[in-house]
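Engineer: Here you go, sequence then predicted model.
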Amino acid sequence: VGWIAYPEDETHIFSTSVNTREVRPFDQPQATQSKALTFTDVEFWKKPDVFVALNWIDIVNKANLRVRAYVDSVSQQGLTWHINLWSDTVLYSAGTSIIAFNP
């Protein structure tokens with residue numbers, strides 16, 4: 001996805017970008033990283049649907065690319081995002097765009 005547009009005054013959409021550098025320095029690679037996120041300035045009347053897309057990847061180029069981005073613990077108040085890798089992938093940093101909405 002290059003971009004997604006929605007009306008600025010839409011009251012039941014939350015969007016943000018997150019990055020592994022929020023939880024660790026880029027020069028300390030690790031296989032798992034996650035962080036709880038609270039929805040700000042948005043009120044959902046039910047648990048929102050969530051769209052997650054990678055928007056940044058910085059890896060060592062000596063192995064295959066193995067990155068998984070996902071969310072869990074989704075509620076009306078927030079969620080937890082995860083960016084994980086496996087095998088011999090070395091991840092310096094990665095980021096995702098997150099959009100939560102009530103359809």
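Structural biologist: Sure thing, it's come through.
Engineer: C-alpha only now, for contacts and for neighbours.
Structural biologist: Noted.
Engineer: quick one: pLDDT of the most far-flung residue of the chain relative to its centre?
Structural biologist: The outermost residue of the chain relative to its centre, with distances by CA atoms, centre = their mean, is Lys62 at 24.8 Å. Lys62 is assigned a pLDDT of 90 by the prediction.
Engineer: same check, this time on Val1
Structural biologist: According to the model, Val1 scores 57 on pLDDT.
Engineer: what's near enough to touch Arg66?
Structural biologist: 85-87, 89 (CA atoms under 8 Å, 6 or more residues apart in numbering).
Engineer: what about burial for those, which qualify?
Structural biologist: Among those, those buried by neighbour count (16 or more other CA atoms under 10 Å) are 85, 89.
Engineer: Filter the contacts of Arg66 down to the ones in helices?
Structural biologist: Assignment to helices by DSSP state H places none of those there.
Engineer: could the contacts of Arg66 go into a markdown table alongside distance to Gln28?
Structural biologist: Formatted as a markdown table, the contacts of Arg66 follow (distance: CA to CA, whole Å):
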| residue | distance to Gln28 |
| --- | --- |
| Leu85 | 14 |
| Trp86 | 16 |
| Ser87 | 17 |
| Thr89 | 13 |
